[in-house]
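*Asks:* turn this into a model:
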Amino acid sequence: MHFVKVLLAAIAIGLISPGAMAQTATTSPQEFVKAAASSDMFEIQSSELALRKSKTSRVKEFARMMIKDHTNSSKRLIAAAKKDDVAVAPEITSKHAAQLEALSNDSSGAFDNAYIDAQVAAHQEALTLMTSYAENGQAKHLAAHAKKTAPVIRQHFKHAQQLSKSGSQG
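*Replies:* Residues are numbered from 1 along each chain as shown. Purely as a prediction, here's the structure:
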């Protein structure tokens, strides 16, 4: 009962979205591939944007790491999906597309902060997706991919949080 209260409190204050909880409990292999592919695409495209718009070396360094790591993740995701006979038609979700558009149109002069905030949120969401699928995934190779990818995403999440706390100046 205590766990349920803590979980509901986390949802209420926005630490965990109710959609993430529902999604991870019943994610099919196809839904996992779609979510993971969109996540990688968002990371790559938002980081390419950061390379063009950021004025700080620490943010650009982080963006280069995101592009490299999420490009590799995408390749491994596609390979795992093929082994599990799951179709892959990578497309960015409307949610990620809206976030990307907001970053692209940001003219507040605070692009770095908006980018880092988006990275923290995206990696938190991706970490939930990966850890859940690693534990409960129905497709063997995709679950192995999720298990291998989760620690990298956790590292990205922590790095983004550090950038956020330091004000991303560099």
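*Asks:* the nearest residue to Lys53 once chain neighbours are set aside and Ala50: what is the separation?
*Replies:* Of all residues not flanking Lys53 in the chain, Phe111 sits nearest, at 4.8 Å (Cβ to Cβ, 6 or more residues apart in numbering). Using the backbone N, CA and C atoms, a C-beta is placed for each residue, glycine as well. Phe111 sits 8 Å away from Ala50, going by Cβ to Cβ, to the nearest Å.
*Asks:* which one of those two has more residues nearby?
*Replies:* Ala50 (25 against 21; other Cβ atoms under 10 Å).
*Asks:* list the contacts for the residue nearest to Asp117 when sequence neighbours are not counted?
*Replies:* The spatial neighbour of Asp117 that comes closest, neighbours along the chain excluded (Cβ to Cβ, 6+ apart), is Ser164 at 6.6 Å. Going by Cβ atoms under 8 Å, 6 or more residues apart in numbering, Ser164 touches 113, 116-117, 120.
*Asks:* considering those, which possesses the most neighbours?
*Replies:* Of the contacts of Ser164, with other Cβ under 10 Å as the count, Ile116 tops at 26 neighbours.
*Asks:* Arg76 versus that residue, what's the distance?
*Replies:* 25 Å.
*Asks:* what does Val59 give?
*Replies:* Applying Cβ to Cβ to Val59 and Arg76 gives a distance of 26 Å.
*Asks:* compare these two (neighbour count), which wins?
*Replies:* Val59 (24 against 16).
*Asks:* what's the pLDDT at that one?
*Replies:* Val59 is assigned a predicted lDDT (pLDDT) of 94.
*Asks:* what's the distance between it and Ile78?
*Replies:* 28 Å.
*Asks:* do Val120 as well
*Replies:* In terms of Cβ to Cβ, Val120 sits 26 Å off from Ile78.
*Asks:* try Leu49
*Replies:* Taken as Cβ to Cβ, the span from Leu49 to Ile78 is 23 Å.
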